[in-house]
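>>> this one's sequence-less:
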């Protein structure tokens, strides 16, 4: 049942991402996310709100799946949102899946199956982790995300976009980590839910992860950001599941099978990230273009307005 729930959640998440990207198509690309831009999108892009509503529905399905299975299992399956996104992009945004995309989808699917069979994750007690362990784990994760964002400030355009994607993927993985004990608290009633500190931490983590995702979507071309968005999520979840929640996975020679599955998954994700069905954004403006936009000056190298029109909200 948990497998079906998480696959449904992945499909709904893919739909939400497609709706967000369709809403963003008419927007000029920014180097990052801003609350002013968020307000403009809320006011002027109903389709963007539909995408957010869809993502909220995905969250409910995702939480239900986490209540019935391990974080490791659920987050490895969640990466199927990328193939679902491609298929839905074909239907909503137009285009056609080529042999390369179908081969990549097959590679990702096979990789996930091999990973789950090799690791066979089970057990774990997210609701019994000491507070000190939580604080250390959260501190390490937040520090890693902060370090990645800091490094992106001095990186080139492609590297900056890739790092933004990794940070967004880590944020998504951390949401699942915090949701796990919250689902356990739900079973003990409203009082337990309200008094569980992870419930309130979830609000903060979700808001931060949302900003990180929007930052990654706006940072540049998806061929650079999507691998990080897809793959950093299960990496964070597996590390937390095994090291903090004490979920059990196979060792020994089984790790070779897990490594093979990870390679198949990573190769498939990288190939899908280069699909024209996903890469619908223009490249991010460079520093000079941003300076002209802020100052209101005319670009001396810009084509005449009779030849091309370009508006910035």
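Done, it's in. Computed from a predicted model, the values in this text were never measured in an experiment.

>>> which ones are touching residue 104?
267, 268, 269, 271, 272, 275 (CB atoms under 8 Å, 6 or more residues apart in numbering). C-beta here means a position set from N, CA and C on the backbone, and glycine is covered the same way.

>>> now swap in residue 68 and tell me
Residues near residue 68 by CB under 8 Å, 6+ apart: 1, 2, 5.

>>> hmm, residue 63 and the last one touching each other?
What that stands for is residue 5. No: the pair residue 5 / residue 63 is not scored as a contact, 9.5 Å apart, by CB atoms under 8 Å.

>>> re the thing from before, scan the contacts of residue 104 and report the most crowded one.
residue 272 (27 neighbours; other CB atoms under 10 Å).

>>> my guess is that one contacts residue 106. True?
No: contact status for residue 272 versus residue 106: not in contact, 10.8 Å apart, counting by CB under 8 Å.

>>> pLDDT below threshold where in the stretch 151-300 of the chain?
278-300 (pLDDT under 70).

>>> repeat for the stretch 1-150 of the chain
In the stretch 1-150 of the chain (pLDDT under 70), the answer is 23-45.

>>> and the strands in it?
122-123 (DSSP state E, counting those that start in this stretch).

>>> show me where the stretch 101-250 of the chain has its helices.
131-152, 157-186, 190-195, 197-219, 222-243 (DSSP state H, counting those that start in this stretch).

>>> including distance to residue 12 and mean neighbour count, could the ones you listed go into a markdown table?
Output for those, formatted as a markdown table (distance: least, CB to CB, whole Å; neighbours: other CB atoms under 10 Å):
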| stretch | distance to residue 12 | mean neighbour count |
| --- | --- | --- |
| helix 131-152 | 25 | 14 |
| helix 157-186 | 14 | 24 |
| helix 190-195 | 23 | 12 |
| helix 197-219 | 15 | 19 |
| helix 222-243 | 16 | 24 |
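
>>> among the ones you listed, which comes closest to residue 88?
Among these, the nearest to residue 88 by CB to CB is helix 222-243 (14.5 Å).

>>> residues contacting the closest residue to residue 242 other than its chain neighbours?
Excluding the flanking residues, the one nearest residue 242 by CB to CB, 6 or more residues apart in numbering is residue 249, at 6.0 Å. By CB under 8 Å, 6+ apart, the residues touching residue 249 are 72, 119, 120, 121, 242, 258.

>>> narrow these to those that are buried.
Neighbour-count burial within these applies to 72, 119, 121, 242, 258; the criterion is 16 or more other CB atoms under 10 Å.

>>> between those, which sits nearest residue 156?
Using CB to CB, these come closest to residue 156 at residue 258, 32.9 Å.

>>> what residues does that closest one make contact with?
Residue 258 neighbours (CB under 8 Å, 6+ apart): 114, 115, 118, 119, 249, 250.

>>> make CSV out of these and add distance to residue 263.
Below are the contacts of residue 258 laid out as CSV (distance: CB to CB, whole Å):
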residue, distance to residue 263
114, 9
115, 10
118, 12
119, 14
249, 17
250, 18
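
>>> pull the most distant pair out of these.
Across the contacts of residue 258 (CB to CB), the longest gap, 13.5 Å, separates 114 and 249.

>>> among the helices of the stretch 101-250 of the chain, which is nearest residue 19?
Closest approach to residue 19 among the helices of the stretch 101-250 of the chain is made by helix 197-219 (12.1 Å; CB to CB).

>>> the residue lying closest to residue 257 once chain neighbours are set aside: neighbour count?
Closest residue in space to residue 257, ignoring its immediate chain neighbours: residue 118 at 3.5 Å, by CB to CB, 6+ apart. Using other CB under 10 Å, residue 118 has 19 neighbouring residues.

>>> list the contacts for residue 118?
Here residue 118 is in contact with 250, 254, 255, 256, 257, 258, 260, 261 (criterion: CB under 8 Å, 6+ apart).
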